[in-house]
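**Student:** Predicted structure and sequence below. I'll ask about it afterward.
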Amino acid sequence: MTLPNFFVVGVPKAGTTSIYHYLAQHPQVYMSPVKEPRFFIVEGMQDPGRLFPWAERLVTDLTDYQGLFAGVGAETALGEASPTYFRSEEAAQRIHHLIPDAKIVVSLRHPVDRAFSHFSHALRDGQERCRDFRALFCRDLDDGPSGGAAGRPQALRYSWYGFYADSFERYFSLFGRPRIKIVLFDDFVREPVGTMREIYGFIGVDDRFTPDVLVKHNVSGIPRSRLLHRALRPRTPFSRALKRLLPDEWLSRVRARLVESNLAPMRLEPELRSELAQVYRDDLKRVERLTGLDLSQWSGPA
């Protein structure tokens, strides 16, 4: 079986899409052509869309999952990126059962900033209609991981994804600390090339490679033109036309640049950020004890 030997498991809205594309640029790295197959969450499900209703493609069958890696040639590091794996107990266990020696990459972001970016992303794509971020944040806390009585999709559980400690305990227990690389989103934004070189070294490929990091992928914000934003979605006539005109290595960059230029950023008020950050205070202390990270910069203002 040809299967991945490393995973980018999360967290959502912490640079994982850009990490995926910068990994794919490396000649010794093969990334699944489906960026988020979520196989280790939805394996065997008859109706996986109830969890991820807006997913481009979900892979539920092992044979189909292997097929994502049918194009592997001389590459030595084979990976996929499904950011929802980090909070999933089933995913961690299933990955370990099938690929116990896998290496795991985790990108962390200040949990309130992460939640607000997640919320902005849902507004961007028309998945969320309510614009009261505080109300939605608190509702998700009350609903818990089940999503509430209405079964709120995981894609709209903004505050839930910001609790990291339990997930670290799970992944450390299964894979061991040396097989897990933790990236802080702030470091990635400040030094993207240096951060990527650390990841290249961790997965065992040439860390002297310099990726093109000028394009940011999957940026959040409110579209200035809804028409253009919809046209840039995958599998639209406009996107198909771009695919015919551009080689694959350029297509994602051009689309990402067009999406980013069409977005107006949203602003999280510092007072609200400080208020909501108290929700995560004890969890982040546990994360510091588990990982040895210094997250004191997250306790101050943005």
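**Tutor:** Looks like it arrived, so ask away.

**Student:** Going by C-alpha atoms from here, please, whenever you check contacts or count neighbours.
**Tutor:** Noted.

**Student:** hey, where'd the strands end up in the stretch 201-302 of the chain?
**Tutor:** Using DSSP state E, counting those that start in this stretch, the strands of the stretch 201-302 of the chain run over 222-223, 263-264.

**Student:** Would you mind checking the average pLDDT for the last one?
**Tutor:** Translated: strand 263-264. Taken as a whole, strand 263-264 carries a mean pLDDT of 71.

**Student:** Could you do the first one as well?
**Tutor:** Per-residue confidence for strand 222-223 averages out to 74 on the pLDDT scale.

**Student:** So what are the sheet partners of that strand and their directions?
**Tutor:** strand 263-264 (antiparallel) (DSSP bridges).

**Student:** Quick check, F238 in contact with A231.
**Tutor:** Yes: between F238 and A231 a contact is recorded at 5.8 Å, counting by CA atoms under 8 Å.

**Student:** what does stretch 242-256 contact?
**Tutor:** V215, K216, H217, N218, L232 (CA atoms under 8 Å, 6 or more residues apart in numbering).

**Student:** could I get those residues as CSV with distance to A165, neighbour count and pLDDT?
**Tutor:** Shown next, in CSV, are these (distance: CA to CA, whole Å; neighbours: other CA atoms under 10 Å; pLDDT from 0 to 100):
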residue, distance to A165, neighbour count, pLDDT
V215, 31, 16, 77
K216, 28, 18, 78
H217, 27, 22, 77
N218, 26, 17, 72
L232, 37, 19, 73
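
**Student:** so where is the stretch 51-200 of the chain shaky, pLDDT-wise?
**Tutor:** Applying pLDDT under 70 to the stretch 51-200 of the chain picks out residues 144-152, 154-155.

**Student:** End to end on stretch 126-135, go ahead and measure it.
**Tutor:** Stretch 126-135 has an end-to-end distance of 18 Å (criterion: CA to CA, to the nearest Å).

**Student:** How is the protein divided into domains?
**Tutor:** The record's domain split for the chain, according to automatic domain parsing, is 6-151+165-221+277-294, 222-264.

**Student:** how far does stretch 293-302 sit from the chain's center?
**Tutor:** With CA atoms, centre = their mean, to the nearest Å as the basis, stretch 293-302 stands 21 Å off its chain's centre.

**Student:** Check the model's average confidence along that stretch for me.
**Tutor:** On average, stretch 293-302 scores 77.

**Student:** Just the C-alpha atoms of it, please, in PDB.
**Tutor:** Extracted C-alpha coordinates of stretch 293-302, given in PDB (Å, rounded to 0.1, in the frame of the first residue of the first chain):
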ATOM      1  CA  LEU A 293       5.900  26.100  24.700                       C
ATOM      2  CA  ASP A 294       5.900  29.600  26.000                       C
ATOM      3  CA  LEU A 295       2.500  31.000  25.100                       C
ATOM      4  CA  SER A 296       2.700  34.100  27.300                       C
ATOM      5  CA  GLN A 297       2.500  36.300  24.200                       C
ATOM      6  CA  TRP A 298      -1.100  35.100  23.800                       C
ATOM      7  CA  SER A 299      -2.100  36.500  27.200                       C
ATOM      8  CA  GLY A 300      -1.600  40.100  26.100                       C
ATOM      9  CA  PRO A 301      -3.300  42.400  23.600                       C
ATOM     10  CA  ALA A 302      -3.200  41.600  19.900                       C
END
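
**Student:** Return the set of buried residues in it.
**Tutor:** Buried residues in stretch 293-302, counted by 16 or more other CA atoms under 10 Å: W298.

**Student:** what's the spacing between W160 and V213?
**Tutor:** For W160, the distance to V213 - CA to CA - is 30 Å.

**Student:** Of these two, which one has the most company?
**Tutor:** A count of neighbours by other CA atoms under 10 Å puts W160 above the other of W160 and V213, at 21 against 16.

**Student:** wait, A81 sits on Y20?
**Tutor:** Yes: using CA under 8 Å, A81 is in contact with Y20, at 6.4 Å.

**Student:** Centroid-wise, who is the farthest residue in this structure?
**Tutor:** Going by CA atoms, centre = their mean, the residue of the chain most distant from its centre is L245, 28.4 Å out.

**Student:** neighbouring contacts of stretch 263-278?
**Tutor:** Contacts of stretch 263-278 (CA under 8 Å, 6+ apart): 111-113, 116, 120, 134, 220-224, 299-302.

**Student:** my bad, stretch 195-214
**Tutor:** Contacts of stretch 195-214 (CA under 8 Å, 6+ apart): 6, 19, 22-23, 25-26, 28-29, 76-77, 103, 105, 181, 183, 187-188, 192-193.
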